[in-house]
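Chemist: Turn this into a structure:
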Amino acid sequence: MIGADAAESSPDQNAGSLRLTLAALPGGIEPAPGRRGRAGVGLLGRIWLGTGARALRDAAASLEASQELPPAALAAHQENLLAALVHHAHRGSPSWRARIDAAGGPGVAGTLAGLAVLPLMGRADLLRPDAVVGPREALVSRTTGGTTGAPVEILVDPASNLFQLADHLRCGRWIGLEPGDRHVLVWGVPTARSGYTSARGRVRALARGRLVVPMGSLERRSPAAWRRLLAAWRPRYLAGFPTGLDRLARHLDAAGLALPVAASVAWAEQVFEHQREAVRRAFRVDLHDRYGCNEFTTVAHTCRCHGLHLLADRLVVEVLRGGRPAAPGEPGELVVTDLRSFGMPLIRYRTGDLARAGSGPCRCGLGLPLLGSLEGRVQDAMRDREGGLILPRDWLRLAAGDPAGPGFAVHREAGGAVRVMLLPRADVSGVRDRLAGFVAARLGEPMRFERVEVLPLTPMGKTRWVRAEGPPVAGAGLEDG
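Modeler: Numbering: from 1, shown residues only. Prediction:
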């Protein structure tokens, strides 16, 4: 749940596959009769508390043990899982066999050092006839987000799906949450894929302890009405798009209202300091971050100390610049290997997201490494007139100091011209002059300003602050310029 432009599936999508996952595991696990613990425990909590969810509890316990491993032991843990995955892909898929043999065979490619020899893979590779290894009928179907392209189906085997669900629960525990805690989900635009478009889907969400609030409905109720509704629901935490959480918080704060909760978590968009401050004022809690995408669910999550930890006991995450590992603080493309993706192997998969590599241990004591900052999408990066790299977040830093955050969206057209859409407040705040100076100094391209009442949204309801048309300026792993 972090502010990357990567889309993410509805939490109900992933939770909805839990019954299929448990039933497909040895023993055909089914949810046990419900036992209520703290107020508002929903379906996930009842499954967790019931005696039939031993596999899920064991998976979470395994992750909670491996998160404490020191670096050398964590690397050995990754390498054991990687070797099994690479041998499985080599045996079951002709195209993977060719790639792995070209890299020196499973004995080489199945090591952390040899992994870098394998070529990167992308969404097109998911469409290969032999992308699936094993019987398709046993797999859980999911799709890529589709924020910047047509969605592609992903098939996940039950064991991998189990560990993804266990990871979601493990990360919640980092910030004091338990399965089934009542919460409010501030979602974008409900789609059929999210499961929130029908009355049945919304009722199912309520049964899981989740009150879904579409962003488009926020201004339809008065602040006092929202305060009464939320107080009656008694959520322990808030989750969702940071834009939506910010709007809800400001709506309450403008009327002098507040609703203290135990935690708040954001995902799917860039998170800005003004959003964190708004949530802090209205809900009396700091905003945590979750970064993920549909291919892997959670990739990184903040701990109680707000360090953004990579889930390296389940994934191998590389930050690549020009095909090499990025230095700490240097931007690069995130490339992920899911160490349990046996149904459809995801090995060195290009996420299309930009990040800065992290460094050093976190004071929370977890052994999992840190990610630096997220910087937007690879396809929205640009080259300046000197060949230097302009990251999507570089544009947004021009709004630093604006208490309401970026009041503009940038669109660089295929021919090079720059179109900037400005909200009225940004047109008079000095941001316009900073944008004009930035374009003149870095790009030297024609530009035009358009005053708009609202910034454009993606079909999922996310704000795409920066968009660049044409082929990406960066090759595999962000080529150095």
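
Chemist: Tell me which stretches of the stretch 351-481 of the chain form strands.
Modeler: Under the criterion DSSP state E, counting those that start in this stretch, the stretch 351-481 of the chain contains strands at 371-377, 382-383, 389-390, 408-412, 418-422, 447-451, 466-468.

Chemist: Just put the ones you listed in CSV and tack on distance to Arg304.
Modeler: (C-beta placed from N, C-alpha, C; glycine too.) Below are these laid out as CSV (distance: least, Cβ to Cβ, whole Å):
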stretch, distance to Arg304
strand 371-377, 17
strand 382-383, 37
strand 389-390, 34
strand 408-412, 34
strand 418-422, 38
strand 447-451, 43
strand 466-468, 32
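
Chemist: what secondary structure does Gly256 sit in?
Modeler: Of the three states, Gly256 takes coil under DSSP: H, G, I helix; E, B strand; the rest coil.

Chemist: For Arg383, see how far away it is.
Modeler: 48 Å (Cβ to Cβ, to the nearest Å).

Chemist: So which of those two has more stuff around it?
Modeler: Taking other Cβ atoms under 10 Å, Gly256 and Arg383 do not tie; Arg383 has more neighbours (15 against 7).

Chemist: List the beta-bridge partners for the more buried one.
Modeler: For Arg383, the beta-bridge partners under DSSP bridges are Leu389.

Chemist: There's contact between it and Leu391 in this structure, I believe.
Modeler: No. Using Cβ atoms under 8 Å, Arg383 makes no contact with Leu391, being 11.1 Å away.

Chemist: in this structure, what secondary structure element scores lowest on mean pLDDT?
Modeler: One helix or strand of the chain scores below all others by mean pLDDT, DSSP states H and E: helix 18-24, with a mean of 41.

Chemist: so what's the residue lying closest to Leu218 once chain neighbours are set aside up against?
Modeler: The shortest distance from Leu218 to any non-neighbouring residue, by Cβ to Cβ, 6 or more residues apart in numbering, is to Arg247 (5.2 Å). Taking Cβ atoms under 8 Å, 6 or more residues apart in numbering as the contact definition, Arg247 lies against 186, 215, 218-219.

Chemist: quick one: buried residues of stretch 255-265?
Modeler: In terms of neighbour count (16 or more other Cβ atoms under 10 Å), stretch 255-265 has its buried residues at 257, 259, 261-265.

Chemist: so of those residues, which ones are in strands?
Modeler: Mapping the buried residues of stretch 255-265 onto strands (DSSP state E) picks out 263-265.

Chemist: Leu252: how many residues sit nearby?
Modeler: Per other Cβ under 10 Å, the neighbour tally for Leu252 reads 21.

Chemist: Quick check: which element contains it?
Modeler: In this assignment (DSSP states H and E), Leu252 forms part of helix 242-254.

Chemist: same question for that helix, mean pLDDT?
Modeler: For helix 242-254, mean pLDDT is 93.

Chemist: Compute the number of surrounding residues for the residue nearest to Gly365 when sequence neighbours are not counted.
Modeler: Counting by Cβ to Cβ, 6+ apart, Gly365 lies nearest to Glu68, which is 7.9 Å off, once chain neighbours are set aside. Neighbour count for Glu68, taken as other Cβ under 10 Å: 13.
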